[in-house]
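Participant: the following block contains a protein sequence and its predicted model.
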Amino acid sequence: MAQGIGRQIPLELKAAIMCSIGQMALAIGVRLSFSKRDNENILTKFRTNMRNPVIGLARWVVRNLFSWLLIVIILVAGEYARKEYLTLEKKKADIEAMKRGEFEILELLRNLRMEMSNRVTRLNNVTQKELGSRIDDIEKEIKERSSSSSITSVVFNSDDNGLFNFVFNKARIELLNQERAVLLDLRSLQERRFSRDLGIATQKKLHDEHVAAWNLLQANRMQYEEVKKSAAFYRDFGRRFASSEFQALNKLNDEYQLLFNKNQQKANAAKEQSDLLNRLRLEVEDFTQRVSQFKSLESGSALSDFQNQLKAKEADVDSHWITKVLNPALDKIPTALMILFGIIISPIVIKGLFYFVLAPLASRRPAVCILPKSVGAISGGDDYSPIISGNTKISAVSIPILVDESQELLVHPEYLQSSSIDGKISTKWLLDWSYPLSSLAAGMVALTRIRATQLETVIISSTKDPLSEVGVIALPEGSSLILQPHSLVGLVYRRGGSPKITKHWRLGSLHAWLTLQLRYLVFHGPVKLVLKGCRGIRVETAGSGRRINQAATMGFSANLQYKTFRCETFSAYLLGEQELLNDSFAGESGCYIYEEMPHFGKKGGLTGRGMEGVTDSMLKIFGV
């Protein structure tokens with residue numbers, strides 16, 4: 001049905017539709033290539049250049065000239081593509097018509113060949129006169145068909161009916177020529193059969209005559225021998241006198257010569273007739289074989305030109321640039337659809353497995369506690385007061401940090417806003433040489449180290465991220481905090497020493513595998529940690545249990561009970577509005593730290609952000 005409808009649509013309309021779609025797609029692509037920010041920049045520059053009308057006018061002219069040239073290119077390319085498509089479709093239609101014509105011609109030729117075979121079989125036993133009449137009719141039809149179509153002047157790119165009639169007429173003439181040749185062979189066969197039969201009778205007669213002459217010759221010899229035995233010779237004085245027997249012998253000798261010559265004549269005639277019969281037998285066998293074999297017209301010269309032109313047109317279509325572009329694309333459509341279906345359905349299946357199977361199983365597993373005997377005391381805020389209960393915001397756009405002569409500050413260069421000129425500033429290449437890869441991955445490399453000669457104030461603030469706020473928490477002696485190093489931008493610790501950092505693996509925990517955080521880095525006090533967070537940083541006490549968005553978690557006290565819980569609704573998780581797991585913390589003397597809003601586009605796990613999500617997940621495995 002679809003194919004029938006497709007054939008009813010004119011080629012020009014189909015080409016126009018495709019050309020219009022291509023032009024619209026190209027125009028939309030050009031339009032979308034200018035983003036909103038580009039448009040705003042253009043407007044801003046235009047307003048700026050309005051004070052100089054010459055520059056503004058020149059830029060307006062150039063911009064619109066470029067647009068005009070682009071429109072011309074689109075129209076020319078569209079017209080060229082339309083004509084090429086029409087030409088290609090016309091060639092395809094010609095090929096289909098020629099294939100249908102070839103099939104019909106072959107069917108007609110098969111029928112004609114069967115008709116010829118049956119006619120030759122019927123004429124096999126007719127008289128010479130009937131054969132001659134049929135041969136005359138064939139020669140007359142061949143002459144009429146040859147004169148009615150000038151075979152040498154026919155061009156193959158004519159209409160389908162003319163081409164069909166030409167090929168069929170040529171095949172018909174060839175078929176008639178073959179039939180005439182067969183009938184001529186058949187007439188020759190009948191003539192030789194007649195000559196053979198007549199020769200057989202003549203040979204029998206000559207053989208009988210030869211036998212009779214031979215018998216007379218033998219009888220003459222027998223009579224001669226009998227007479228010779230009874231003959232008497234008288235010799236007297238050198239003369240020979242013949243008796244009556246002697247005279248009879250002379251007569252028999254004369255008869256013998258006559259009979260011998262006649263016998264030779266009969267023998268030669270019989271031999272010549274035998275040779276003639278042998279030749280006739282061979283000719284009869286040859287013509288019989290020639291009559292019984294017919295030439296196949298399906299691969300004969302009648303269709304060679306037609307088939308050569310068909311192959312040339314097919315090769316022309318296959319080599320056309322539209323065919324080279326469309327055919328591979330059409331061949332890959334099923335595979336592309338399967339891949340697209342897999343891309344669409346696989347996240348649903350994977351998320352369903354995680355949500356309904358693994359996440360509930362993890363929720364029933366025991367919580368993870370890295371250092372249960374450590375102290376969870378944390379100080380924060382403007383006065384670094386201990387956080388005992390409730391929720392405290394410890395961040396600001398910029399914060400001052402006091403550094404005395406017994407301390408040193410390590411800070412990321414991007415977050416150093418101002419410092420005293422009296423302090424000694426140097427570079428420390430890694431946060432901790434014990435964890436080179438983790439330091440590199442967290443960006444804690446090429447840090448600025450500040451050592452003060454007296455109490456100094458250093459201002460810390462993000463110089464590149466407008467949404468980032470910074471905050472400071474203080475860990476007293478004996479306190480420990482699990483922290484993701486990518487949230488760390490600086491540390492304050494005793495001068496000449498180094499911050500104590502330990503690593504702890506939890507390969508047997510299902511929580512660790514679901515969150516892909518198999519290693520935990522623990523920072524031990526006394527130390528001050530300078531953290532960064534999007535839109536702000538908060539510290540809360542865990543108490544009997546608290547739950548937060550996993551993507552917002554920055555760190556928590558090492559003595560807290562940490563586990564994961566599944567998000568509330570599957571639809572929110574499926575649509576990417578919530579993470580699969582929420583972090584849960586419980587403990588009386590510990591705190592957890594989180595940023596006000598997870599950074600824009602930040603999602604955890606392998607299904608978060610494509611390759612970026614895979615990279616983040618790999619870093620998370622090592623606690624970074």
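Facilitator: Ah, there it is.

Participant: in this protein, what helix or strand scores lowest on average pLDDT?
Facilitator: Using mean pLDDT, DSSP states H and E, the weakest-scoring helix or strand in the chain turns out to be strand 234-236, at a mean of 39.

Participant: report the secondary structure state of G576.
Facilitator: Of the three states, G576 takes coil according to DSSP: H, G, I helix; E, B strand; the rest coil.

Participant: tell me the buried residues in stretch 480-499?
Facilitator: Across stretch 480-499, burial judged by 16 or more other C-beta atoms under 10 Å covers 480-493, 498-499. C-betas here are computed from N, CA, C, even on glycine.

Participant: from start to finish, how long is it in a straight line?
Facilitator: 11 Å (C-alpha to C-alpha, to the nearest Å).

Participant: and it, how far out from the chain's middle?
Facilitator: On the basis of C-alpha atoms, centre = their mean, to the nearest Å, stretch 480-499 sits 54 Å off its chain's mean C-alpha point.

Participant: out of everything not next to it in sequence, what's closest to S406?
Facilitator: The shortest distance from S406 to any non-neighbouring residue, by C-beta to C-beta, 6 or more residues apart in numbering, is to R495 (5.5 Å).

Participant: Q407 is in contact with the one you found, correct?
Facilitator: Yes. If you go by C-beta atoms under 8 Å, R495 and Q407 touch, sitting 5.6 Å apart.

Participant: what segments of the protein are helices?
Facilitator: Under the criterion DSSP state H, helices of the chain are mapped to 2-8, 11-33, 36-49, 53-122, 128-148, 160-230, 244-292, 304-318, 321-353, 359-363, 436-441, 510-515, 570-574, 610-621.

Participant: now do the longest one against helix 304-318, angle only.
Facilitator: Looking back up the chat, that one is helix 160-230. 140 degrees (axes from the mean of the first three to the mean of the last three C-alpha atoms, to 10 degrees).

Participant: check the fifth one too.
Facilitator: What separates the directions of helix 128-148 and helix 304-318 is an angle of 40 degrees, with the same axes, to 10 degrees.

Participant: buried set for helix 128-148?
Facilitator: L131, R134, I135, I138, I142.

Participant: cool, stretch 449-468 as well?
Facilitator: Neighbour counts over stretch 449-468 (16+ other C-beta under 10 Å) mark I450, R451, A452, E456, V458, I460, S461, S462, S468 as buried.

Participant: now, which of the residues you listed lie within strands?
Facilitator: When the buried residues of stretch 449-468 are checked against strands (DSSP state E), the matches are I450, R451, E456, V458, I460, S461, S468.

Participant: for the first one, give the beta-bridge partners.
Facilitator: This points to I450. Beta-bridge partners for I450, by DSSP bridges, are L409, I425.

Participant: list the contacts of it.
Facilitator: Shown in contact with I450 (C-beta atoms under 8 Å, 6 or more residues apart in numbering): V403, E408, L409, V411, S419, G423, K424, I425, E456, V458.

Participant: gap between it and L330?
Facilitator: I450 is 66 Å from L330, where distance means C-beta to C-beta, to the nearest Å.

Participant: picking up where we left off before, for the buried residues of helix 128-148, give me CSV that also has distance to I73 and pLDDT.
Facilitator: As requested, those are exported to CSV (distance: C-beta to C-beta, whole Å; pLDDT from 0 to 100):
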residue, distance to I73, pLDDT
L131, 75, 77
R134, 71, 81
I135, 71, 82
I138, 65, 82
I142, 61, 82
